[in-house]
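> generate a structure from the sequence data that follows.
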Amino acid sequence: MRIIGGKYRGKIFTPPSNLKARPTTDFAKEALFNILNNMYNFENIDVLDLFSGTGSISYEFVSRGAKSVTAVESNVNHSKFIEKQFANLDAGQSVVIKSDVFRYLNSCKRKFDVVFADPPYDLENLEQIYDAVFENNILSESALLVIEHSEKQDFSAYPYFSMMRNYGSVHFSFFEV
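Below is the predicted model of the structure:
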């Protein structure tokens, strides 16, 4: 796993074998961040990374100078790995929340400019992520929710749906406020 852009471009992370995550492919990450780069000045955004896994997406935001990055991950081994990498990157603007994503969203009082969710592709009721983000008013004005999912999911009929992009087996649905 490597960071593909920003000041830490090329930095490689080797997750321990006890991490059971499916990191977003470099190809898909590069495409995602090309889209986001055209929408945002990263230094001005607060980012929420849900189902952080190995932290790959969080590191990309850190590398690009995001104002703040909050990574939410329920698995203790994954959370510890992400915390260690944030420390290695001297990412003082970043925090790891060890929590169930839905519990976090239901109690969160902050607003974010970009919310990225990369749940397990087999997660039942994937649409509950969308519901929880919008029902709990997590997005700031002109914010974006991005949900990574498999080809089985179709969010095109949802309010605020903006576009869907696919990169191999990785699909991103974008929702704009």
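
> need the helices for the protein, in chain order.
With DSSP state H applied, the chain shows helices at 26-37, 56-63, 76-88, 101-107, 127-135, listed in chain order.

> now the first one - C-alpha only, PDB.
As requested, the backbone C-alpha atoms of helix 26-37 are provided in PDB (Å, rounded to 0.1, in the frame of the first residue of the first chain):
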ATOM      1  CA  ASP A  26      -4.200   2.800  -6.400                       C
ATOM      2  CA  PHE A  27      -6.000   3.100  -9.800                       C
ATOM      3  CA  ALA A  28      -9.300   4.000  -8.100                       C
ATOM      4  CA  LYS A  29      -7.600   6.200  -5.500                       C
ATOM      5  CA  GLU A  30      -5.900   8.200  -8.200                       C
ATOM      6  CA  ALA A  31      -9.200   8.700 -10.100                       C
ATOM      7  CA  LEU A  32     -11.000   9.700  -6.900                       C
ATOM      8  CA  PHE A  33      -8.500  12.200  -5.900                       C
ATOM      9  CA  ASN A  34      -8.300  13.700  -9.400                       C
ATOM     10  CA  ILE A  35     -12.100  14.400  -9.000                       C
ATOM     11  CA  LEU A  36     -11.700  15.800  -5.500                       C
ATOM     12  CA  ASN A  37      -8.700  17.900  -6.500                       C
END
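
> give me the neighbour count for Lys7.
As a burial measure, Lys7 scores 11 neighbours (other Cβ atoms under 10 Å). No exception for glycine: its C-beta is placed from N, CA and C like everyone else's.

> next, the angle helix 56-63 makes with the longest strand anywhere in the chain.
Counting by DSSP state E, the longest strand found in the chain is strand 139-149. With axes from the mean of the first three to the mean of the last three Cα atoms, to 10 degrees defining the directions, strand 139-149 sits at 140 degrees from helix 56-63.

> quick one: strand 139-149 to helix 26-37, angle?
Using the same axes, to 10 degrees: strand 139-149 against helix 26-37 is 160 degrees.

> average pLDDT for strand 139-149?
For strand 139-149, mean pLDDT is 95.

> got the angle for it vs helix 127-135?
Going by the same axes, to 10 degrees, strand 139-149 makes 170 degrees with helix 127-135.

> with mean pLDDT and mean neighbour count added, can I get the helices of the chain in JSON lines?
Formatted as JSON lines, the helices of the chain follow (pLDDT from 0 to 100; neighbours: other Cβ atoms under 10 Å):
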{"stretch": "helix 26-37", "mean pLDDT": "94", "mean neighbour count": "16"}
{"stretch": "helix 56-63", "mean pLDDT": "96", "mean neighbour count": "26"}
{"stretch": "helix 76-88", "mean pLDDT": "94", "mean neighbour count": "18"}
{"stretch": "helix 101-107", "mean pLDDT": "96", "mean neighbour count": "16"}
{"stretch": "helix 127-135", "mean pLDDT": "95", "mean neighbour count": "17"}
